[in-house]
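Here is my input, please return the structure:
(one chain, ligands or ions: 1)
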Amino acid sequence: MAAFYDSLNVKRHGSELGKFRKLVLNDQEAVPTMDGDAHRTRKAYLLAAHTSEWIDGYLKESAEFQEKLVVLIKEAAAGAGVEGKVALFPIILKTYIKMLAKVWFGLEAGDEYVANFLALSAGFQAPLPIDLPGTTYRAGIVARDALFATYADQLAKHRKNPDAYKHTALSALLAKQQEYELSDLMMLTELHHFVFASSGLMAPVLCAALMGLGTNPEALARARAEADAHADLLSSASTADIGNQLPFLAWTIKEATRKYAFIPIQLGLANREFEVDGYTIPSGTFLIAGLHATDMDPAIWTAPEKFDPARYERGEGLGDFDHVPFGAGNKAQTHRCPGGPAAASMSTVILGRLLLEFDFGLEAGQDQVPKGPLPANGLPVKITSRRA
Ligand code: HEM
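Numbers count the residues shown, from 1 in each chain. Predicted coordinates for the structure are as follows:
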């Protein structure tokens, strides 16, 4: 893994999927496909939106969505049929899409925005990315353009009334736009990548945490005890509070990102000839880094198949290239995800809030994930309110 994350060995430009470039990078050159100094400069720009001060702002903005999620789940549980089961994943996904629109660029998102995001995701997942009228892929491109029109509106509003958008990621990017000499199009393209990466991945992470807890009653009891003990903190926590007072919930999210294959591999091209474990890799070789294989490697993890948040308490997986669902290495120098801490912080408090409010009737069998990280069947669960 270390050899892959040495930028002298591996470059990203030219290894990306065409549909990723088209739908997620808006046909532009953006941070995931940049290399060398250009990458490091662009990355420094993006990292400005991921300091703990900014993440604390995102936590503030996301708090109202805890309430909204609780209300939606209660309503769904009240309306559930004879079996009384509710498909949790779609509720969480739609709430997250709206929450992240608010947090990243200050939009009070409605159903049309959600539909555009879902059409973009469907286009990205289309097995045949063919740009013809009537295809899911074309619908994804149309949705991408609609999303960009929304970002442009929000940008104009940010410029007109900055005080109303103090905590958004777009204000963090705007504050550094001149210093880094970025056009509006490039800034919004990076914002679009934020939107895609976070909206598509954070809802599955939360569901995976719940599924994982369903397989480990002891961990569920500890996570819930922590949520109960800090009920008042959940909707007002800062990153420091999470580290100090909600460690088990944070480890639960961390374990969810390890165990479930959110982005199982990363692609690259050998930039020069180099050696790995006695093998010579010729320059130009197409390379695949096994992120999920590393996250499940028995040489690193005790009983890797077990969902066990307490493993971090025991000091497991602390090496630089051990826990790699967000990539690896120094995030200023490599392509390691800059959004991991923001995603983990928001998910930690929301997980706590859901455990405080509900019993989910989670069963070990629900941990069967046939394809990728999305919960099979939308994660149907029997929900009981814990508070009147
Ligand atoms: C919660 C789940 C998330 C997961 C599992 C995830 C995972 C990843 C992975 C595996 C990479 C590639 C790392 C590499 O190539 O070495 C990446 C890159 C990236 N992610 Fe995330 N991500 C998540 C959330 C986010 C969020 C919330 C944001 C932004 C707000 C974000 C923004 C980015 C950006 C900008 C890059 C490109 C970094 C670069 O090329 O230097 N991600 N992410």
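
contacts and neighbour counts: CA atoms only from here.
Noted.

and the closest residue to the ligand within the stretch 1-150 of the chain, how many neighbours does it have?
Relative to the ligand, the nearest point of the stretch 1-150 of the chain is Pro32 (3.3 Å; CA to the nearest ligand atom). By the criterion of other CA atoms under 10 Å, Pro32 has 20 neighbours.

where does it fall, helix, sheet strand or coil?
The local conformation at Pro32, judged by DSSP: H, G, I helix; E, B strand; the rest coil, is helix.

again with Leu287
Under three-state DSSP, Leu287 falls in the strand class.

Look at the residue nearest to it when sequence neighbours are not counted and say how many residues are nearby.
In this structure, Leu287 finds its nearest non-sequential neighbour in Gly268, 5.0 Å apart by CA to CA, 6 or more residues apart in numbering. The number of residues packed near Gly268 is 22, by other CA under 10 Å.

now the one 3 residues further on
Neighbourhood size, Asn271 [other CA under 10 Å]: 18.

if I pick it, what's in contact with it?
Leu8, Asn9, Val10, Lys11, Ser283, Gly284 (CA atoms under 8 Å, 6 or more residues apart in numbering).

For Met34, see how far away it is.
According to CA to CA, to the nearest Å, Asn271 stands 13 Å off from Met34.

swap in Pro217?
44 Å.

Tell me if I'm right that the residue nearest to Leu287 and Ser15 touch.
Yes: Gly268 is within contact range of Ser15, at 5.2 Å (criterion: CA atoms under 8 Å).

Find residues that contact each of the two.
Common neighbours of Gly268 and Ser15 (CA under 8 Å, 6+ apart) are Phe286.

In the longest helix belonging to the chain, which residues are buried?
Identified as the longest helix of the chain according to DSSP state H is helix 184-214. For helix 184-214, burial by neighbour count (16 or more other CA atoms under 10 Å) applies to 186-196, 198-214.

Could you list every helix and strand that it packs against?
helix 88-105, helix 136-160, helix 169-175, helix 217-229, helix 247-259, helix 340-357 (3 or more CA pairs under 8 Å, 6 or more residues apart in numbering; DSSP states H and E).

Get me the contact residues on the stretch 1-150 of the chain for the ligand.
Neighbours of the ligand within the stretch 1-150 of the chain, by CA under 6 Å from any ligand atom: Val31, Pro32, Lys43.

so the first one makes contact with Thr41?
Pointing back at Val31 there. No: between Val31 and Thr41 there is no contact under CA under 8 Å: 9.3 Å.

Counting neighbours around each, name which of those two comes out higher.
It is Val31, of Val31 and Thr41, that has more neighbours when counted by other CA under 10 Å, with 23 against 17.

Might you report the residue contacts of the more buried one?
Val31 sits next to His39, Arg42, Lys43, Glu190 when contact means CA under 8 Å, 6+ apart.

ok so, going back, what helix or strand is the residue nearest to Leu287 located in?
Using DSSP states H and E, Gly268 sits in strand 265-270.

what's the answer for Leu120, then?
Using DSSP H and E, Leu120 sits within helix 111-125.

okay, now Thr302: neighbour count?
Counted with other CA under 10 Å, Thr302 comes out at 14.

And the residue nearest to Gly327 when sequence neighbours are not counted, how close does it get to the ligand?
Spatial nearest neighbour of Gly327, excluding adjacent residues (CA to CA, 6+ apart): Arg336 at 4.5 Å. Distance of Arg336 to the ligand, computed by CA to the nearest ligand atom, to the nearest Å: 4 Å.

Since that was my last question, I'll sign off now.
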